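A.B. asks: All I have is the shape, not the residue letters:
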Ligand SMILES: Cc1cc2nc3c(=O)[nH]c(=O)nc-3n(C[C@H](O)[C@H](O)[C@H](O)COP(=O)(O)O)c2cc1C
Ligand code: SF4
Ligand code: SF4
C-alpha cells in the first residue's frame, strides 16, 4: 500500500531524480513525515544512493525525518516578528495547546517550532501552519486557531479572514503604478526585434534587483553567446533575506509581468524552458501562479509558437523550495532545482555558461524580470530618467520595524534614508538595517546617505529600529540566523558563524570581557575574507557594523576583566563543595571577581 | 606576450594551461597548506586552508586557475594566522584527542597544526555528539574526528564507484553518513582495499588492527614536516607519471 503510493508519486514526477524535492514534498503531504522506509524506497525507485535522499531531507527545514504534528506550526523568528511579540505568541500557543517548542504533542496532533523570517514583517508576528502563511497574529487570532486545531477543522475550512495578507503598497512608482497589459511586451519584442530589445535593456542599464546588482543585459548576452544544447531561464523567488517581502507582493500582483519578462529573456537567450524557484514560505501563492501560467498558455503567450511565431517556444514550471535561505544564492538554487542539497558551487564557471544541468542559465530576481518586461514595452527612457548615474531606475523597499506605515515603497535610486524614515513615519530612530542582515546597519550620523549601488545597496529590505532597541540583541538575532542557515560546506562559515553567535551571546548575557570583543573583531575578519560564498562573506556584517556604530554599548556590556572563561568556574566547584562539606572562603573563587 | 608565469611571494614560477595555483605551486616546490585538496581528485574548495591572496583578493588556491601575471601572496603572517584559526576551528568543531588517536603522527590536521605553530585550540570546544561506527570487520569510522573534507566521498564515488559516503544535514549539524541498508559500514560494501578506506587525512576512517605497527616517533610527520612531506609526494607523483 505504502509502496504503491510512493510509486505513483514518483511516477507522477517522471521518476526523475532532479525532481527529488517535489517528490519528497508530495510524499510528506501523503504520510506526514519521511520515514526511514519511505526514504529507502524512494532511493531504490529512483535508483540513487539512499544517502542522497537522506542528505536532502536533513538539509531542508521543511522536510521531516521524524513525525510532526498533523498541525505543524512554525513561528517566524526574524527580528521584526520578535519585536512585534513573536515570543509571546509562542508562549500563548504553547500554553493553550499544552505543548513545548520542538516537541510533538502526545496525541500526535500538533507541534510547534521556530522558522526563519517568513516574509510578513509588515504584518507580523507571522506563522506557517502546515506550510500556509498566517500573519498578524494576536491573542484573538491565536485563540481561534487553537480552537480550530482542537476541533480538528481541516485547514481548507478555516475562515478566509485568517488568511488575509494585505500587500500594503504604500508608495508606488515606476514599476508599481501600473502593471503592463499581458502580452504587450511580447508584441513590442516582436516588432522591435530581439537584438534591439536586448540593446534597449542594455541602454536602460538595468541592474539585478536580487542584491549583487549585476547588469542584466550583460548577463543575458553572456548566456546567449554560450553555445549549448539547451538554455534556461530561472526566476529567483526565494526571497529569504530577513525583512524582505517585496517579491511576495510582486508575485501577488505582478506575476503576469514577471512571466512576460522571463519569456522575453527566453527569446533573447534562446531558452525553451524556464523555472520559478518559489520559496516554500510562499506555498499559498503557488496555485495562483500556476493559474496565471495556464491562462498565458491558453493565450499563446507561453507554450509553443508564442504569439503565433513559429519556433518561439517557452514553458515555465514552478518549483518549490523547502526552507533554506542559502538556496537564494544562485548556484545553490540551481543545485536545489536539480534535486540536491543547496551547496553553492565553485564559481567560476558562472551559471550563464554552466547553470541548470550544466547548461547556460540566466538567474534573475522577480523584480528584475518584471522591470525588464516594462523596459521591453516602453523602452529604456521612462526607466532611466530617474535614479543616479550609476544606479538608474527605482527600487522596491520592504519597509518594516519601528514605523507606523510599514509596507512597500518604490523609490528612485538616490533617495535619502531620512526621507524614507519620514515617509514611513519612523520616530526616535536609532538605526536602520539596509539590505537585511547581510547588508549594512547605519546609525543617525549616516541618515543623509542614499539608496544606490554606489552608496547603500539593498536587495530590498529596510528595517527601522528605534531608541528602545538594543543593537547588540539585533546583531545576536542576525548572527543566529546565519549560524542556522549556512550550508556547512566551508570551514570558516560553518564553524565561525556558530563561534560568533556564542561569543555574542556571552557578551549579551553579561559575562563577556574585553577579550571577547577582540575575538569578535578577529572572527569577522576571518569569516568575511575566507568564506566560499556570499552568505559567509556577509554574515559578519551585523557584528562589524554594531562594533563600529555602537562600540560604547559593547563596552557597557562587558566587564573589565581581560578574559572570562566560557564556563562558570565558581559554579563548577559547587558539587565539590557539597561533597566535601566545605563553604569557607578558600573554597570559592572570589579572587576572580576582583 | 604570454609567459605562463605567476609570482608567489615574489618568486616567479611557470604553469601549464589548466593548472590551478596550488598545482603549479606544488610542482614548483612551493608549499601552500591544504587539507581537502588531494592531487588525485578534482578540487573541492571547502576547507579554505589554502586561501591565498591573488592580485589583492582572497581565493582558494585549489580552485583558482593560474593565469598569466597573477601576483600571489602565500606565506605571510595574516594568511598563516587565518590558516591557524581555520585549523583551530576544525579542532574545536569535532572531538580530537590526539594522544589517544591511532592516527597521531600520520594525521594531516595535527601535522598542519604543528606547521602553523598552533599551540592550543584557542576557541571554546563545541563538544558535538557524533556516532562511532565499529561494525565493519576491518574498518573503523570515528565521526568525532571528521573534518568534512569529503575525500572519502569523492574517492568512493570516483575511484571505487560505490558511493559509500556522503554528507548529510546542514551547517554545524552536518554529518558523514553511510550508504547502506543499516546505515553502518557493515553492509555498505566498503572493502578494505578501496581508495575510500585509505584517503582520510585524519583519524576518522581507520584500518583496524594496525594501530601501532609503526611506532610513534617513526610516523610520516615525525620524519618530515607536512610541507616537506607533501612536496616529496608531489615530486614522486610527477616522476611516476
Ligand atoms: C546567501 C545568499 C542569498 C541570496 N538570496 C537571494 C534571494 O532570495 N533572491 C534573489 O533574487 N537573490 C538572492 N541572492 C542573489 C543571487 O545569488 C543572485 O545574485 C540573483 O538571484 C541574481 O539575480 P539579479 O541579477 O536579478 O539580482 C542571494 C545571494 C546569496 C549569497
Ligand atoms: S560561506 Fe557558508 S553558506 Fe557559503 S558555502 Fe561556506 S558554509 Fe556554505
Ligand atoms: S571521514 Fe575523513 S575523508 Fe571522510 S570527510 Fe571525514 S575527514 Fe574527510
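C.D. replies: Nice, I can see it. Keep in mind that what you see is a predicted model, and the values were worked out from it rather than measured. Ligands and ions are numbered 1, 2, ... in the order given.

A.B. asks: Against residue A:498, how distant is the residue in chain B that ligand 1 sits nearest to?
C.D. replies: Nearest residue of chain B to ligand 1 (CB to the nearest ligand atom) works out as residue B:171 at 12.7 Å. Quick note: C-beta positions are derived from backbone N, CA and C, even for glycine. Distance, residue B:171 to residue A:498, by CB to CB, to the nearest Å: 8 Å.

A.B. asks: Residue B:82 too?
C.D. replies: Taken as CB to CB, the span from residue B:82 to residue A:498 is 18 Å.

A.B. asks: One more: residue B:202?
C.D. replies: In this structure, residue B:202 and residue A:498 are 20 Å apart, going by CB to CB.

A.B. asks: Ok, residue A:186 next?
C.D. replies: From residue A:186 to residue A:498 the distance is 49 Å (CB to CB).

A.B. asks: same check, this time on residue A:198
C.D. replies: 45 Å.

A.B. asks: can you check residue A:56 too?
C.D. replies: From residue A:56 over to residue A:498 (counting by CB to CB), the distance is 23 Å.

A.B. asks: ok, now residue B:212?
C.D. replies: Per CB to CB, residue B:212 is found 35 Å from residue A:498.

A.B. asks: Between the two, point out the one with more neighbours.
C.D. replies: More crowded of residue B:212 and residue A:498, by other CB atoms under 10 Å in any protein chain shown: residue A:498, with 24 against 7.

A.B. asks: and the more buried one, what is it in contact with?
C.D. replies: Residues counted as contacts of residue A:498 (CB atoms under 8 Å, 6 or more residues apart in numbering or on different chains) are A:483, B:126, B:171, B:172.

A.B. asks: Roughly how far does it sit from residue A:505?
C.D. replies: Noted for residue A:498: a distance of 11 Å to residue A:505, by CB to CB.

A.B. asks: per-domain residue ranges of chain B.
C.D. replies: B:5-77, B:82-223 (automatic domain parsing).

A.B. asks: And the ones you listed: which comes nearest residue A:204?
C.D. replies: For residue A:204, the closest of the domains of chain B is domain B:5-77, at 29.9 Å, according to CB to CB.

A.B. asks: Can you pull the residues that touch both of residue B:171 and residue A:498?
C.D. replies: Going by CB under 8 Å, 6+ apart, residues that sit against residue B:171 and also against residue A:498 are residue A:483.

A.B. asks: residues in contact with the closest residue to residue A:327 other than its chain neighbours?
C.D. replies: Leaving out its chain neighbours, the residue that sits closest to residue A:327 by CB to CB, 6 or more residues apart in numbering or on different chains is residue A:342, at 4.1 Å. Going by CB under 8 Å, 6+ apart, residue A:342 touches A:59, A:60, A:324, A:326, A:327, A:329, A:332, A:333, A:335, A:336, A:487.

A.B. asks: out of those, who's near ligand 1?
C.D. replies: Residues of the contacts of residue A:342 in contact with ligand 1 (CB under 6 Å from any ligand atom): A:326, A:329.

A.B. asks: Show me what the strand or helix carrying residue A:75 is in contact with.
C.D. replies: Assessed by DSSP states H and E, residue A:75 sits inside strand A:71-76. Residues from elsewhere that reach strand A:71-76 (CB under 8 Å, 6+ apart): A:81, A:86, A:89-90, A:93, A:109-118, A:120, A:124-131, A:149.

A.B. asks: Tell me which of these fall in strands.
C.D. replies: When DSSP state E defines the strands, the subset of the contacts of strand A:71-76 inside them is A:110, A:111, A:112, A:113, A:114, A:115, A:127, A:128, A:129.

A.B. asks: Tell me the one of those nearest residue B:234?
C.D. replies: The closest of those, once distances to residue B:234 are taken by CB to CB, is residue A:115, at 47.9 Å.

A.B. asks: and that closest one, how many residues sit next to it?
C.D. replies: Neighbour count of residue A:115, defined by other CB under 10 Å: 21.

A.B. asks: so what pLDDT did residue A:590 get?
C.D. replies: pLDDT recorded at residue A:590 is 63.

A.B. asks: And residue A:593, by the same measure?
C.D. replies: We note a pLDDT of 51 for residue A:593 in this prediction.

A.B. asks: Also residue B:181?
C.D. replies: Residue B:181 carries a pLDDT value of 94.

A.B. asks: Near ligand 3, which residues of chain B? Just list them.
C.D. replies: B:146-152, B:165, B:176, B:199-200, B:202, B:204-205.

A.B. asks: pLDDT below threshold where in the chain?
C.D. replies: Defaulting to chain A. Counting by pLDDT under 70, chain A shows low-confidence ranges at A:590-594.

A.B. asks: meant chain B, my bad for not saying
C.D. replies: B:1, B:237-241.

A.B. asks: got the residues of chain B near chain A?
C.D. replies: B:43, B:45-49, B:51, B:58, B:60, B:63, B:82, B:85-86, B:89-90, B:92-93, B:123-124, B:126, B:147-148, B:163, B:165-175, B:177-181 (CB under 8 Å from any CB of the partner chain).

A.B. asks: So which of those belong to strands?
C.D. replies: In strands, defined here by DSSP E, the members of those are B:51, B:58, B:60, B:165, B:166, B:167, B:168, B:175, B:177, B:178.

A.B. asks: Would you reformat the residues you listed as a markdown table and include neighbour count and distance to ligand 2?
C.D. replies: What follows is these, written out as a markdown table (neighbours: other CB atoms under 10 Å in any protein chain shown; distance: CB to the nearest ligand atom, whole Å):
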| residue | neighbour count | distance to ligand 2 |
| --- | --- | --- |
| B:51 | 27 | 12 |
| B:58 | 17 | 12 |
| B:60 | 28 | 11 |
| B:165 | 28 | 19 |
| B:166 | 23 | 16 |
| B:167 | 22 | 12 |
| B:168 | 22 | 15 |
| B:175 | 19 | 15 |
| B:177 | 23 | 18 |
| B:178 | 25 | 23 |
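
A.B. asks: just checking: which of those also lie near ligand 1?
C.D. replies: Within these, nothing lies near ligand 1 by CB under 6 Å from any ligand atom.

A.B. asks: And the residue at minimal distance from the centre of chain A, which helix or strand is it part of?
C.D. replies: By CA atoms, centre = their mean, chain A has its centre lying nearest to residue A:240, at 0.3 Å. Of the helices and strands defined by DSSP H and E, none includes residue A:240.

A.B. asks: Spatially central residue in chain B, please.
C.D. replies: Taking CA atoms, centre = their mean, chain B has its central residue at residue B:35, 2.3 Å away.
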